[in-house]
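Peer 1: Build me a model from this:
(one chain, ligands or ions: 1)
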Amino acid sequence: MPESLRPEEIRTQLASGRLGKTIHYFIELDSTNRLAYKLAAEGAAEGEVVVAEAQTRGKGRLGRSWFSPPGLNLYLSVILRPNLSPADAPQLTLVSAVALADTVQRFLGAPPAIKWPNDILVGGKKLAGILTESSVDAQRLHFVVVGIGVNVNLPASMLPEEIRGAATSLLILTNKIVDRTAFTGELIRNLDRCYGELEQRGFPPMAARWESFFELKGRKVKVEMGDRVVLGIARGIDRDGALVLEKQGGATERIIAGDVTRAEA
Ligand code: BT5
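Peer 2: Modelled structure (predicted):
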């Protein structure tokens, strides 16, 4: 029997923090991000969390979908109301990736890699993804929903054909069932801590932490952006989350969107 998430227990563990005092828990939702966005638009407080045991229409980025079978994984969205300008909103995705990587490291005993901008990989396979959605106008960031999907106790036999070669789970990696309640509590605590650090110390220390999980830093990479392909050395990220690429001859290009892979033979 798969163990079940125990939201009451998570809430108790988080009583002293800013995130997770309210946890909206569902057996099934279309998407935790969709509901969290709606709740935030209706005035939900910072730190409210939406968790579901299954999603029927889990969202990835750019209209892609997130495989979300019941009872095995984690599908979670957090509402943030940061005091940041709209241009700085992507920092929250990077900060969330650091919190998620810290959590995975704790349960795995080894650091995962971050694939720019927001995939968490182990052994080159995707363990988790982040989808950040913001409500902004020209001057103000109203709220941000950080959505996190983690393959926790998903057995290899249940991976759909399309992602079988590219995805993994904590169960596949460790051969052990992970207590999702403990994982979720740890993740929310790490998000709380990293979010607080961003507020207090600004972005550079968080960017450095992000880069410590970024295996392609300093390496020759290939960036594919539709039909355009650029080669260069990945130098790191800048304050709006763009990947900084040093091209031959020394010119730099900031990559806003694209698929980045290692180019070395
Ligand atoms: C992401 O998109 O990686 C962001 C995923 C965010 C999911 C969470 S779950 C809680 C919250 N509520 C939501 O509705 N969404 C968020 P992207 O980088 O676009 O990656 C999507 C691609 O990853 C798909 O096209 C598949 O190739 C692959 N994929 C889909 N489901 C997967 C899974 N469970 N594990 C690994 N890879 C998967």
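
Peer 1: Tell me where the longest strand sits in the chain.
Peer 2: strand 125-136 (DSSP state E).

Peer 1: so, in contact with the ligand or not, the helix or strand that it is followed by?
Peer 2: Tracing the chain past strand 125-136, the next element assigned as helix or strand by DSSP states H and E is strand 141-150. Yes - contact of strand 141-150 with the ligand (Cβ under 6 Å from any ligand atom) involves 147, 148, 149. From N, CA and C alone the C-beta is placed, and that goes for glycine too.

Peer 1: What is strand 141-150 packed up against?
Peer 2: With contacts taken as 3 or more Cβ pairs under 8 Å, 6 or more residues apart in numbering; DSSP states H and E, strand 141-150 sits against helix 32-41, strand 74-80, helix 90-108, strand 125-136, helix 180-201.

Peer 1: Look up the pLDDT of the residue of the chain found nearest the ligand for me, please.
Peer 2: Proximity of the chain to the ligand (Cβ to the nearest ligand atom) peaks at residue 129, 2.1 Å away. We note a pLDDT of 97 for residue 129 in this prediction.

Peer 1: and it, how many residues sit next to it?
Peer 2: When neighbours are counted by other Cβ atoms under 10 Å, residue 129 registers 23.

Peer 1: what residues are up against it?
Peer 2: Listed by Cβ atoms under 8 Å, 6 or more residues apart in numbering, the contact set of residue 129 reads 60, 61, 66, 118, 119, 120, 148, 149.

Peer 1: out of those residues, who's nearest residue 242?
Peer 2: Using Cβ to Cβ, residue 118 comes nearest to residue 242 of the contacts of residue 129, at 13.1 Å.

Peer 1: Run through the residues that contact the closest residue in space to residue 54 that isn't next to it in sequence.
Peer 2: The shortest distance from residue 54 to any non-neighbouring residue, by Cβ to Cβ, 6 or more residues apart in numbering, is to residue 70 (3.6 Å). By Cβ under 8 Å, 6+ apart, the contact set of residue 70 is 27, 28, 53, 54.

Peer 1: From these, keep the buried residues only.
Peer 2: Neighbour counting with 16 or more other Cβ atoms under 10 Å marks 53, 54 as buried within the contacts of residue 70.

Peer 1: would you list the contacts of residue 70 in CSV and tack on pLDDT, distance to residue 158 and secondary structure?
Peer 2: Shown next, in CSV, are these (pLDDT from 0 to 100; distance: Cβ to Cβ, whole Å; DSSP: H, G, I helix; E, B strand; the rest coil):
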residue, pLDDT, distance to residue 158, secondary structure
27, 96, 18, coil
28, 97, 17, coil
53, 97, 15, coil
54, 97, 13, coil
